[in-house]
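Peer 1: show me the folded form of this:
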Amino acid sequence: MWAGLVAAAAGMFLTALDITVNVALPEITENLGTDLETIQWIIILYVGSTTGMGLGLGGAGDVYGLKRVYVIGLLAYTLAVFLIGIAPGLPLVLGLRVTQAVGNGLILVSAPAIVTQLFPAQNRGRALGIMAGLGTLGMIAGSLGGGLLVDAFGWRSIFLARVPLCLVAVVYTVVALRASPRPEVRPSFDILGALTLFAGMASLILFLTIGGRSGWTLPHVVALGLSAVVILWVFVLVERKAARPILELSLLKDRVLAPTLIVSYLVFISTFINWFILPFYMSDVLNTNAQTWGLVIMLMTVTNAIFAPVGGWLSDRVPPAYTITTAVGISALTMALFTTLGVDSSVSDVAILMVAAGVGMGLFQAANANLIMGTFPPDRLGMGGAVMSLSRSLGTVSSVAIMGAVFSARQSARGGTGDEAQEFVLAFQDLYVLSALLALTAMVVSFSYWPRAIRWMSAPRRKA
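Peer 2: As a prediction, the model looks like this:
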(Lines give C-alpha, C1' and ligand atoms only; values in the text may rest on other atoms or scores of the structure.)
Protein backbone atom coordinates (compact mmCIF):
# COMPACT_ATOMS: atom_id res chain seq x y z
CA MET A 1 0.00 0.00 0.00
CA TRP A 2 2.61 2.51 1.06
CA ALA A 3 4.77 1.86 -2.01
CA GLY A 4 1.75 2.67 -4.17
CA LEU A 5 1.09 5.83 -2.16
CA VAL A 6 4.66 6.98 -2.80
CA ALA A 7 4.22 6.28 -6.52
CA ALA A 8 1.02 8.35 -6.66
CA ALA A 9 2.58 11.16 -4.63
CA ALA A 10 5.58 11.22 -7.01
CA GLY A 11 3.25 12.06 -9.88
CA MET A 12 1.55 14.80 -7.89
CA PHE A 13 4.99 16.18 -6.99
CA LEU A 14 5.96 16.35 -10.67
CA THR A 15 2.76 18.12 -11.71
CA ALA A 16 3.21 20.67 -8.90
CA LEU A 17 6.65 21.55 -10.28
CA ASP A 18 4.97 23.29 -13.19
CA ILE A 19 4.68 26.35 -10.96
CA THR A 20 8.20 27.12 -12.20
CA VAL A 21 6.70 28.14 -15.56
CA ASN A 22 5.16 31.21 -13.91
CA VAL A 23 8.61 32.20 -12.69
CA ALA A 24 10.12 31.78 -16.16
CA LEU A 25 7.45 33.59 -18.21
CA PRO A 26 9.38 36.89 -18.54
CA GLU A 27 12.49 35.15 -19.88
CA ILE A 28 10.46 32.86 -22.17
CA THR A 29 8.78 35.96 -23.58
CA GLU A 30 12.10 37.66 -24.29
CA ASN A 31 13.92 34.57 -25.54
CA LEU A 32 11.19 33.53 -27.97
CA GLY A 33 10.59 37.07 -29.17
CA THR A 34 6.92 37.38 -28.28
CA ASP A 35 4.74 39.51 -26.00
CA LEU A 36 3.03 39.09 -22.63
CA GLU A 37 -0.45 38.54 -24.06
CA THR A 38 0.75 35.78 -26.39
CA ILE A 39 2.99 34.01 -23.88
CA GLN A 40 0.08 33.60 -21.47
CA TRP A 41 -1.24 30.90 -23.82
CA ILE A 42 1.47 28.67 -22.37
CA ILE A 43 -0.60 28.67 -19.18
CA ILE A 44 -4.04 28.83 -20.81
CA LEU A 45 -3.48 25.83 -23.11
CA TYR A 46 -2.03 23.75 -20.29
CA VAL A 47 -4.75 24.43 -17.73
CA GLY A 48 -7.53 24.42 -20.33
CA SER A 49 -6.49 21.12 -21.90
CA THR A 50 -6.09 19.46 -18.50
CA THR A 51 -9.56 20.64 -17.48
CA GLY A 52 -11.27 19.78 -20.76
CA MET A 53 -9.83 16.27 -21.04
CA GLY A 54 -10.09 15.35 -17.36
CA LEU A 55 -13.31 13.32 -17.38
CA GLY A 56 -12.36 11.53 -20.58
CA LEU A 57 -8.98 10.60 -19.14
CA GLY A 58 -10.62 9.44 -15.91
CA GLY A 59 -12.94 7.22 -17.93
CA ALA A 60 -9.91 5.77 -19.71
CA GLY A 61 -8.43 4.86 -16.34
CA ASP A 62 -11.57 2.98 -15.35
CA VAL A 63 -11.63 1.07 -18.66
CA TYR A 64 -7.95 0.34 -19.31
CA GLY A 65 -6.60 0.18 -15.76
CA LEU A 66 -5.41 2.86 -13.37
CA LYS A 67 -1.75 1.77 -13.32
CA ARG A 68 -1.56 1.62 -17.09
CA VAL A 69 -2.97 5.11 -17.70
CA TYR A 70 -0.92 6.49 -14.81
CA VAL A 71 2.32 5.20 -16.33
CA ILE A 72 1.25 6.49 -19.76
CA GLY A 73 0.62 9.86 -18.11
CA LEU A 74 4.11 9.88 -16.60
CA LEU A 75 5.65 8.96 -19.96
CA ALA A 76 3.68 11.63 -21.84
CA TYR A 77 4.64 14.22 -19.23
CA THR A 78 8.31 13.18 -19.42
CA LEU A 79 8.42 13.30 -23.22
CA ALA A 80 6.69 16.68 -23.30
CA VAL A 81 8.97 18.44 -20.80
CA PHE A 82 12.03 17.10 -22.62
CA LEU A 83 10.83 18.26 -26.04
CA ILE A 84 9.73 21.65 -24.69
CA GLY A 85 13.23 22.06 -23.26
CA ILE A 86 14.76 21.72 -26.74
CA ALA A 87 11.93 23.22 -28.84
CA PRO A 88 13.19 25.90 -31.27
CA GLY A 89 10.13 28.16 -31.30
CA LEU A 90 6.90 29.20 -29.60
CA PRO A 91 4.42 27.32 -31.86
CA LEU A 92 6.06 23.98 -31.01
CA VAL A 93 6.22 24.90 -27.32
CA LEU A 94 2.49 25.65 -27.31
CA GLY A 95 1.66 22.36 -29.05
CA LEU A 96 3.83 20.39 -26.64
CA ARG A 97 2.12 22.07 -23.70
CA VAL A 98 -1.06 20.31 -24.82
CA THR A 99 0.86 17.00 -24.83
CA GLN A 100 2.13 17.79 -21.36
CA ALA A 101 -1.45 18.56 -20.30
CA VAL A 102 -2.51 15.06 -21.42
CA GLY A 103 0.15 13.57 -19.16
CA ASN A 104 -0.76 15.95 -16.37
CA GLY A 105 -4.45 15.08 -16.68
CA LEU A 106 -3.78 11.33 -16.60
CA ILE A 107 -1.68 11.77 -13.46
CA LEU A 108 -4.19 14.01 -11.68
CA VAL A 109 -7.18 11.72 -12.26
CA SER A 110 -5.29 8.46 -11.60
CA ALA A 111 -3.30 9.33 -8.48
CA PRO A 112 -6.22 9.83 -6.04
CA ALA A 113 -8.02 6.86 -7.60
CA ILE A 114 -4.96 4.64 -7.03
CA VAL A 115 -4.69 5.72 -3.39
CA THR A 116 -8.42 5.19 -2.84
CA GLN A 117 -8.15 1.71 -4.34
CA LEU A 118 -5.14 0.77 -2.19
CA PHE A 119 -6.35 1.88 1.24
CA PRO A 120 -9.39 0.81 3.27
CA ALA A 121 -12.05 3.39 3.98
CA GLN A 122 -10.94 3.97 7.57
CA ASN A 123 -7.43 5.04 6.43
CA ARG A 124 -8.28 6.62 3.09
CA GLY A 125 -8.39 10.23 4.30
CA ARG A 126 -4.96 10.01 5.92
CA ALA A 127 -3.48 8.45 2.78
CA LEU A 128 -5.02 11.09 0.51
CA GLY A 129 -3.76 13.77 2.88
CA ILE A 130 -0.22 12.40 2.79
CA MET A 131 -0.38 12.26 -1.00
CA ALA A 132 -1.55 15.88 -1.14
CA GLY A 133 1.12 16.95 1.34
CA LEU A 134 3.93 15.27 -0.56
CA GLY A 135 2.59 16.69 -3.80
CA THR A 136 2.62 20.17 -2.31
CA LEU A 137 6.35 19.79 -1.73
CA GLY A 138 6.64 20.11 -5.51
CA MET A 139 5.27 23.63 -5.25
CA ILE A 140 7.83 24.43 -2.57
CA ALA A 141 10.68 23.01 -4.65
CA GLY A 142 9.40 24.85 -7.72
CA SER A 143 9.02 28.16 -5.89
CA LEU A 144 12.55 27.99 -4.48
CA GLY A 145 14.39 26.30 -7.33
CA GLY A 146 12.64 27.77 -10.36
CA GLY A 147 14.17 31.21 -10.09
CA LEU A 148 17.63 29.79 -9.39
CA LEU A 149 17.48 27.55 -12.46
CA VAL A 150 16.25 30.33 -14.73
CA ASP A 151 18.92 32.76 -13.53
CA ALA A 152 21.70 30.20 -13.87
CA PHE A 153 20.77 28.19 -16.98
CA GLY A 154 17.83 29.87 -18.71
CA TRP A 155 14.13 29.01 -19.00
CA ARG A 156 14.68 25.66 -20.74
CA SER A 157 16.30 24.30 -17.58
CA ILE A 158 12.99 24.31 -15.67
CA PHE A 159 11.72 21.70 -18.14
CA LEU A 160 14.90 19.68 -18.73
CA ALA A 161 15.65 19.46 -14.99
CA ARG A 162 12.41 17.52 -14.54
CA VAL A 163 13.38 14.76 -16.97
CA PRO A 164 15.57 12.74 -14.53
CA LEU A 165 12.92 13.03 -11.82
CA CYS A 166 10.26 11.87 -14.29
CA LEU A 167 12.32 8.84 -15.33
CA VAL A 168 12.85 7.84 -11.69
CA ALA A 169 9.10 8.14 -11.08
CA VAL A 170 8.32 5.98 -14.14
CA VAL A 171 10.74 3.20 -13.13
CA TYR A 172 9.60 3.25 -9.51
CA THR A 173 5.91 3.15 -10.46
CA VAL A 174 6.38 0.24 -12.87
CA VAL A 175 8.20 -1.76 -10.19
CA ALA A 176 6.36 -0.76 -7.02
CA LEU A 177 2.74 -0.25 -8.06
CA ARG A 178 0.57 -3.29 -8.52
CA ALA A 179 -1.91 -3.36 -11.35
CA SER A 180 -5.57 -3.50 -10.39
CA PRO A 181 -7.47 -6.71 -11.22
CA ARG A 182 -8.78 -6.75 -14.78
CA PRO A 183 -12.51 -7.30 -15.31
CA GLU A 184 -13.49 -10.43 -17.22
CA VAL A 185 -15.14 -8.27 -19.86
CA ARG A 186 -13.56 -4.89 -20.57
CA PRO A 187 -16.25 -2.17 -20.65
CA SER A 188 -16.48 0.11 -23.66
CA PHE A 189 -14.93 3.58 -23.61
CA ASP A 190 -17.25 6.51 -24.23
CA ILE A 191 -15.11 8.20 -26.90
CA LEU A 192 -17.99 10.34 -28.23
CA GLY A 193 -18.72 11.64 -24.75
CA ALA A 194 -15.03 12.40 -24.16
CA LEU A 195 -14.69 14.34 -27.43
CA THR A 196 -17.94 16.25 -26.92
CA LEU A 197 -17.03 17.22 -23.38
CA PHE A 198 -13.56 18.36 -24.44
CA ALA A 199 -15.06 20.61 -27.13
CA GLY A 200 -17.60 22.04 -24.69
CA MET A 201 -15.09 22.62 -21.89
CA ALA A 202 -12.57 24.15 -24.31
CA SER A 203 -15.23 26.63 -25.47
CA LEU A 204 -16.17 27.43 -21.86
CA ILE A 205 -12.58 27.98 -20.76
CA LEU A 206 -11.81 30.17 -23.76
CA PHE A 207 -15.01 32.13 -23.07
CA LEU A 208 -13.96 32.73 -19.45
CA THR A 209 -10.34 33.49 -20.29
CA ILE A 210 -10.83 35.80 -23.27
CA GLY A 211 -13.94 37.38 -21.80
CA GLY A 212 -12.15 38.19 -18.56
CA ARG A 213 -9.25 39.79 -20.43
CA SER A 214 -10.98 41.53 -23.36
CA GLY A 215 -14.64 41.97 -22.42
CA TRP A 216 -17.73 39.79 -22.29
CA THR A 217 -19.74 41.46 -25.05
CA LEU A 218 -17.32 41.01 -27.95
CA PRO A 219 -18.88 38.95 -30.78
CA HIS A 220 -16.31 36.15 -30.66
CA VAL A 221 -16.59 35.95 -26.86
CA VAL A 222 -20.38 35.70 -27.04
CA ALA A 223 -20.01 33.04 -29.76
CA LEU A 224 -17.70 31.01 -27.51
CA GLY A 225 -20.19 31.23 -24.64
CA LEU A 226 -23.08 30.10 -26.82
CA SER A 227 -20.96 27.30 -28.28
CA ALA A 228 -20.11 26.09 -24.79
CA VAL A 229 -23.80 25.95 -23.82
CA VAL A 230 -24.83 24.11 -26.99
CA ILE A 231 -21.96 21.60 -26.99
CA LEU A 232 -22.32 20.81 -23.27
CA TRP A 233 -26.05 20.25 -23.83
CA VAL A 234 -25.16 17.83 -26.64
CA PHE A 235 -22.78 16.15 -24.19
CA VAL A 236 -25.64 15.62 -21.76
CA LEU A 237 -27.71 13.99 -24.53
CA VAL A 238 -24.79 11.77 -25.51
CA GLU A 239 -24.21 10.66 -21.92
CA ARG A 240 -27.86 9.73 -21.44
CA LYS A 241 -27.56 7.21 -24.28
CA ALA A 242 -24.03 5.94 -23.60
CA ALA A 243 -23.65 2.35 -22.38
CA ARG A 244 -20.91 3.43 -19.95
CA PRO A 245 -20.77 7.23 -19.80
CA ILE A 246 -17.62 9.03 -18.70
CA LEU A 247 -19.86 11.01 -16.35
CA GLU A 248 -22.77 9.38 -14.55
CA LEU A 249 -25.22 12.27 -14.68
CA SER A 250 -27.24 10.77 -11.84
CA LEU A 251 -24.27 11.44 -9.53
CA LEU A 252 -24.77 15.16 -10.02
CA LYS A 253 -28.06 14.74 -8.16
CA ASP A 254 -26.34 13.00 -5.22
CA ARG A 255 -27.18 14.91 -2.05
CA VAL A 256 -23.61 14.59 -0.76
CA LEU A 257 -21.50 14.75 -3.93
CA ALA A 258 -23.26 17.67 -5.67
CA PRO A 259 -22.90 20.21 -2.83
CA THR A 260 -19.35 18.95 -2.16
CA LEU A 261 -18.36 19.83 -5.72
CA ILE A 262 -20.04 23.23 -5.42
CA VAL A 263 -18.09 23.91 -2.23
CA SER A 264 -14.83 22.89 -3.92
CA TYR A 265 -15.53 25.15 -6.88
CA LEU A 266 -16.34 28.16 -4.67
CA VAL A 267 -13.32 27.61 -2.45
CA PHE A 268 -10.90 27.63 -5.36
CA ILE A 269 -12.51 30.70 -6.95
CA SER A 270 -12.18 32.46 -3.61
CA THR A 271 -8.64 31.49 -2.61
CA PHE A 272 -6.81 31.36 -5.95
CA ILE A 273 -6.64 35.16 -6.05
CA ASN A 274 -3.70 34.83 -3.65
CA TRP A 275 -1.70 33.49 -6.59
CA PHE A 276 -2.34 36.20 -9.17
CA ILE A 277 -3.45 39.37 -7.31
CA LEU A 278 -1.40 39.26 -4.12
CA PRO A 279 1.99 39.29 -5.94
CA PHE A 280 1.11 42.71 -7.42
CA TYR A 281 0.18 44.03 -3.97
CA MET A 282 3.55 42.84 -2.68
CA SER A 283 5.51 44.42 -5.53
CA ASP A 284 3.52 47.56 -6.36
CA VAL A 285 2.37 48.60 -2.88
CA LEU A 286 4.90 47.08 -0.47
CA ASN A 287 7.79 47.42 -2.97
CA THR A 288 9.16 43.94 -2.32
CA ASN A 289 11.21 41.83 -4.74
CA ALA A 290 10.42 38.43 -6.27
CA GLN A 291 12.56 36.61 -3.71
CA THR A 292 10.47 37.97 -0.84
CA TRP A 293 7.27 36.91 -2.60
CA GLY A 294 8.76 33.45 -3.11
CA LEU A 295 9.43 33.13 0.61
CA VAL A 296 5.88 34.22 1.46
CA ILE A 297 4.46 31.67 -0.99
CA MET A 298 6.72 29.04 0.52
CA LEU A 299 5.21 29.69 3.96
CA MET A 300 1.74 28.97 2.62
CA THR A 301 2.77 25.84 0.72
CA VAL A 302 4.75 24.43 3.68
CA THR A 303 1.76 24.97 5.97
CA ASN A 304 -0.48 23.37 3.35
CA ALA A 305 1.83 20.34 3.17
CA ILE A 306 1.80 19.96 6.96
CA PHE A 307 -1.95 20.30 7.45
CA ALA A 308 -3.07 18.16 4.50
CA PRO A 309 -2.28 14.89 6.35
CA VAL A 310 -3.92 16.36 9.47
CA GLY A 311 -7.09 17.05 7.49
CA GLY A 312 -7.02 13.54 6.08
CA TRP A 313 -6.54 12.02 9.54
CA LEU A 314 -9.42 14.05 10.96
CA SER A 315 -11.70 13.02 8.08
CA ASP A 316 -11.04 9.38 8.96
CA ARG A 317 -12.01 9.93 12.59
CA VAL A 318 -15.15 12.03 12.10
CA PRO A 319 -17.35 12.62 9.04
CA PRO A 320 -15.32 14.59 6.46
CA ALA A 321 -18.12 17.16 6.32
CA TYR A 322 -17.06 18.47 9.74
CA THR A 323 -13.45 19.01 8.68
CA ILE A 324 -14.52 20.55 5.36
CA THR A 325 -16.77 23.12 7.06
CA THR A 326 -14.05 24.00 9.58
CA ALA A 327 -11.46 24.38 6.83
CA VAL A 328 -13.72 26.54 4.68
CA GLY A 329 -14.51 28.66 7.72
CA ILE A 330 -10.78 29.25 8.26
CA SER A 331 -10.43 30.21 4.60
CA ALA A 332 -13.39 32.62 4.77
CA LEU A 333 -11.99 34.30 7.88
CA THR A 334 -8.54 34.55 6.29
CA MET A 335 -9.90 36.12 3.11
CA ALA A 336 -11.81 38.63 5.26
CA LEU A 337 -8.64 39.51 7.17
CA PHE A 338 -6.84 40.23 3.91
CA THR A 339 -9.11 43.28 3.60
CA THR A 340 -7.26 44.82 6.54
CA LEU A 341 -4.05 45.10 4.51
CA GLY A 342 -3.21 48.59 3.31
CA VAL A 343 -0.37 50.79 2.12
CA ASP A 344 1.22 50.77 5.58
CA SER A 345 1.09 46.99 6.12
CA SER A 346 4.25 44.92 6.39
CA VAL A 347 5.49 41.74 4.77
CA SER A 348 5.03 39.96 8.08
CA ASP A 349 1.32 40.89 8.04
CA VAL A 350 0.98 39.19 4.65
CA ALA A 351 3.04 36.20 5.78
CA ILE A 352 0.82 35.54 8.80
CA LEU A 353 -2.29 35.56 6.62
CA MET A 354 -0.65 33.25 4.07
CA VAL A 355 0.13 30.76 6.83
CA ALA A 356 -3.54 30.86 7.85
CA ALA A 357 -4.54 30.33 4.21
CA GLY A 358 -2.24 27.30 4.08
CA VAL A 359 -3.91 25.82 7.16
CA GLY A 360 -7.37 26.18 5.65
CA MET A 361 -6.44 24.75 2.25
CA GLY A 362 -4.42 21.90 3.73
CA LEU A 363 -7.32 20.76 5.91
CA PHE A 364 -9.80 21.24 3.08
CA GLN A 365 -8.03 19.38 0.26
CA ALA A 366 -7.62 16.08 2.06
CA ALA A 367 -11.08 16.00 3.66
CA ASN A 368 -12.72 17.09 0.42
CA ALA A 369 -10.86 14.37 -1.52
CA ASN A 370 -11.90 11.76 1.06
CA LEU A 371 -15.56 12.69 0.79
CA ILE A 372 -15.59 12.85 -3.02
CA MET A 373 -13.61 9.65 -3.66
CA GLY A 374 -15.72 7.74 -1.13
CA THR A 375 -18.81 8.47 -3.21
CA PHE A 376 -17.66 6.49 -6.25
CA PRO A 377 -17.83 2.70 -6.66
CA PRO A 378 -14.52 0.79 -7.03
CA ASP A 379 -14.86 0.47 -10.81
CA ARG A 380 -15.38 4.23 -11.32
CA LEU A 381 -12.58 5.70 -9.22
CA GLY A 382 -11.01 7.26 -12.30
CA MET A 383 -14.20 9.22 -12.81
CA GLY A 384 -14.04 10.26 -9.17
CA GLY A 385 -10.52 11.62 -9.55
CA ALA A 386 -11.55 13.40 -12.74
CA VAL A 387 -14.61 15.03 -11.16
CA MET A 388 -12.51 16.22 -8.22
CA SER A 389 -9.84 17.63 -10.55
CA LEU A 390 -12.51 19.28 -12.71
CA SER A 391 -14.07 21.19 -9.81
CA ARG A 392 -10.66 22.47 -8.79
CA SER A 393 -9.53 23.40 -12.30
CA LEU A 394 -12.78 25.19 -13.13
CA GLY A 395 -12.49 27.10 -9.88
CA THR A 396 -8.97 28.32 -10.66
CA VAL A 397 -9.82 29.21 -14.28
CA SER A 398 -12.95 31.05 -13.15
CA SER A 399 -10.97 32.84 -10.47
CA VAL A 400 -8.42 34.20 -12.94
CA ALA A 401 -11.10 35.21 -15.44
CA ILE A 402 -13.94 36.48 -13.25
CA MET A 403 -12.08 37.75 -10.20
CA GLY A 404 -9.43 39.30 -12.44
CA ALA A 405 -12.13 41.14 -14.36
CA VAL A 406 -13.78 42.28 -11.11
CA PHE A 407 -10.46 43.60 -9.83
CA SER A 408 -9.87 45.58 -13.03
CA ALA A 409 -13.38 47.03 -12.84
CA ARG A 410 -12.98 48.01 -9.20
CA GLN A 411 -9.57 49.54 -9.89
CA SER A 412 -11.11 51.70 -12.62
CA ALA A 413 -13.98 52.69 -10.32
CA ARG A 414 -11.57 53.57 -7.52
CA GLY A 415 -9.38 55.67 -9.83
CA GLY A 416 -9.10 59.42 -9.99
CA THR A 417 -7.42 60.09 -6.65
CA GLY A 418 -3.94 60.45 -8.12
CA ASP A 419 -2.52 57.98 -5.60
CA GLU A 420 -1.97 54.76 -7.55
CA ALA A 421 -0.98 52.72 -4.49
CA GLN A 422 -4.10 53.76 -2.59
CA GLU A 423 -6.30 53.09 -5.62
CA PHE A 424 -4.80 49.61 -5.90
CA VAL A 425 -5.37 48.91 -2.21
CA LEU A 426 -9.02 49.98 -2.36
CA ALA A 427 -9.70 47.67 -5.33
CA PHE A 428 -7.66 44.95 -3.60
CA GLN A 429 -9.81 45.23 -0.49
CA ASP A 430 -13.03 45.16 -2.56
CA LEU A 431 -11.86 41.94 -4.23
CA TYR A 432 -11.07 40.25 -0.94
CA VAL A 433 -14.49 41.22 0.42
CA LEU A 434 -16.01 39.35 -2.53
CA SER A 435 -13.61 36.47 -1.95
CA ALA A 436 -14.62 36.22 1.70
CA LEU A 437 -18.31 36.24 0.74
CA LEU A 438 -17.74 33.39 -1.75
CA ALA A 439 -15.90 31.36 0.89
CA LEU A 440 -18.67 32.08 3.39
CA THR A 441 -21.21 30.88 0.82
CA ALA A 442 -19.19 27.69 0.44
CA MET A 443 -19.26 27.23 4.20
CA VAL A 444 -23.04 27.62 4.28
CA VAL A 445 -23.44 25.11 1.45
CA SER A 446 -21.20 22.65 3.31
CA PHE A 447 -23.65 22.61 6.23
CA SER A 448 -26.31 21.24 3.88
CA TYR A 449 -24.72 17.80 3.66
CA TRP A 450 -23.80 17.35 7.34
CA PRO A 451 -26.70 15.01 8.24
CA ARG A 452 -26.55 13.20 4.89
CA ALA A 453 -22.79 12.77 5.14
CA ILE A 454 -23.14 11.32 8.64
CA ARG A 455 -25.67 8.74 7.46
CA TRP A 456 -23.59 8.07 4.35
CA MET A 457 -20.42 7.51 6.41
CA SER A 458 -22.20 4.99 8.63
CA ALA A 459 -23.76 3.06 5.75
CA PRO A 460 -22.47 -0.50 5.21
CA ARG A 461 -21.14 0.29 1.73
CA ARG A 462 -18.63 2.72 3.29
CA LYS A 463 -17.07 -0.12 5.24
CA ALA A 464 -16.83 -2.48 2.36
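
Peer 1: which helices and strands sit right next to the helix or strand where residue 152 lies?
Peer 2: Using DSSP states H and E, residue 152 falls within helix 121-153. Counting contacts by 3 or more C-beta pairs under 8 Å, 6 or more residues apart in numbering; DSSP states H and E, helix 121-153 packs against helix 2-16, helix 20-31, helix 90-118, helix 157-160, helix 290-317, helix 347-373. To be clear about C-beta, it is placed using only N, CA and C from the backbone, and glycine gets the same treatment.

Peer 1: next one: the second one to chain centre, how far?
Peer 2: When you say that, I think you mean helix 20-31. Relative to its chain's centre, helix 20-31 lies at 21 Å (C-alpha atoms, centre = their mean, to the nearest Å).

Peer 1: any low-confidence regions in this protein?
Peer 2: Applying pLDDT under 70 to the chain picks out residues 36-37, 180-186, 290-291, 452-464.

Peer 1: domain parsing for it?
Peer 2: 1-188, 191-242, 251-464 (automatic domain parsing).

Peer 1: can you tell me which residues contact residue 266?
Peer 2: With contacts defined as C-beta atoms under 8 Å, 6 or more residues apart in numbering, residue 266 is in contact with 395, 438-439, 441-442, 445.

Peer 1: thinking again about what came up before, and of the helices and strands packed on helix 121-153, who's closest to residue 256?
Peer 2: Closest approach to residue 256 among these is made by helix 347-373 (7.1 Å; C-beta to C-beta).

Peer 1: any idea which helix or strand comes after the closest one?
Peer 2: That would be, after helix 347-373 and using DSSP H and E, helix 381-398.

Peer 1: which residues does residue 347 contact?
Peer 2: For residue 347, the contacting residues are 282, 286, 288, 292, 296, by C-beta under 8 Å, 6+ apart.

Peer 1: pretty sure residue 177 is touching residue 67, no?
Peer 2: Yes - with contact defined as C-beta atoms under 8 Å, residue 177 reaches residue 67; the gap is 5.4 Å.

Peer 1: list residues touching both of those two?
Peer 2: In contact with both residue 177 and residue 67: residue 114, using C-beta under 8 Å, 6+ apart.

Peer 1: can I get the helices and strands packed on helix 121-153 in CSV with distance to residue 419?
Peer 2: As requested, the helices and strands packed on helix 121-153 are exported to CSV (distance: least, C-beta to C-beta, whole Å):
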stretch, distance to residue 419
helix 2-16, 38
helix 20-31, 27
helix 90-118, 39
helix 157-160, 38
helix 290-317, 23
helix 347-373, 20
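
Peer 1: of those, which approaches residue 232 most closely?
Peer 2: Between residue 232 and these, the tightest spacing by C-beta to C-beta is seen for helix 90-118, at 18.4 Å.

Peer 1: and the closest one, which residues are buried?
Peer 2: 90, 93-94, 96-97, 99-118 (16 or more other C-beta atoms under 10 Å).

Peer 1: try stretch 75-89
Peer 2: Counting neighbours by 16+ other C-beta under 10 Å, stretch 75-89 gives 76-85, 87 as buried.

Peer 1: list just the nearest of those to residue 153.
Peer 2: Nearest to residue 153, judged by C-beta to C-beta, of the buried residues of stretch 75-89 is residue 85 at 10.4 Å.

Peer 1: any idea how far residue 70 is from that closest one?
Peer 2: 23 Å (C-beta to C-beta, to the nearest Å).

Peer 1: rewinding a little: what distance separates the helix holding residue 152 from the centre of its chain?
Peer 2: Centre to centre, stretch against its chain (C-alpha atoms, centre = their mean), the figure for helix 121-153 is 13 Å.

Peer 1: what's the angle between that helix and helix 2-16?
Peer 2: Angle, helix 121-153 to helix 2-16, by axes from the mean of the first three to the mean of the last three C-alpha atoms, to 10 degrees: 40 degrees.

Peer 1: so which bits of helix 121-153 are buried?
Peer 2: For helix 121-153, the neighbour count (16+ other C-beta under 10 Å) marks 121, 124-147, 149-150 as buried.

Peer 1: repeat that for stretch 248-262.
Peer 2: For stretch 248-262, by 16+ other C-beta under 10 Å, it's 248, 251, 254, 256-262.

Peer 1: repeat for stretch 200-219
Peer 2: Buried residues in stretch 200-219, defined by neighbour count with 16+ other C-beta under 10 Å: 200-213.

Peer 1: now tabulate the buried residues of stretch 75-89 in JSON lines and tack on distance to residue 40 and secondary structure.
Peer 2: Formatted as JSON lines, the buried residues of stretch 75-89 follow (distance: C-beta to C-beta, whole Å; DSSP: H, G, I helix; E, B strand; the rest coil):
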{"residue": "76", "distance to residue 40": "23", "secondary structure": "helix"}
{"residue": "77", "distance to residue 40": "21", "secondary structure": "helix"}
{"residue": "78", "distance to residue 40": "25", "secondary structure": "helix"}
{"residue": "79", "distance to residue 40": "24", "secondary structure": "helix"}
{"residue": "80", "distance to residue 40": "19", "secondary structure": "helix"}
{"residue": "81", "distance to residue 40": "19", "secondary structure": "helix"}
{"residue": "82", "distance to residue 40": "23", "secondary structure": "helix"}
{"residue": "83", "distance to residue 40": "21", "secondary structure": "helix"}
{"residue": "84", "distance to residue 40": "16", "secondary structure": "helix"}
{"residue": "85", "distance to residue 40": "20", "secondary structure": "helix"}
{"residue": "87", "distance to residue 40": "18", "secondary structure": "coil"}
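
Peer 1: measure the residue lying closest to residue 77 once chain neighbours are set aside to residue 45 for me?
Peer 2: Closest residue in space to residue 77, ignoring its immediate chain neighbours: residue 103 at 3.1 Å, by C-beta to C-beta, 6 or more residues apart in numbering. Counting by C-beta to C-beta, the gap from residue 103 to residue 45 is 14 Å.
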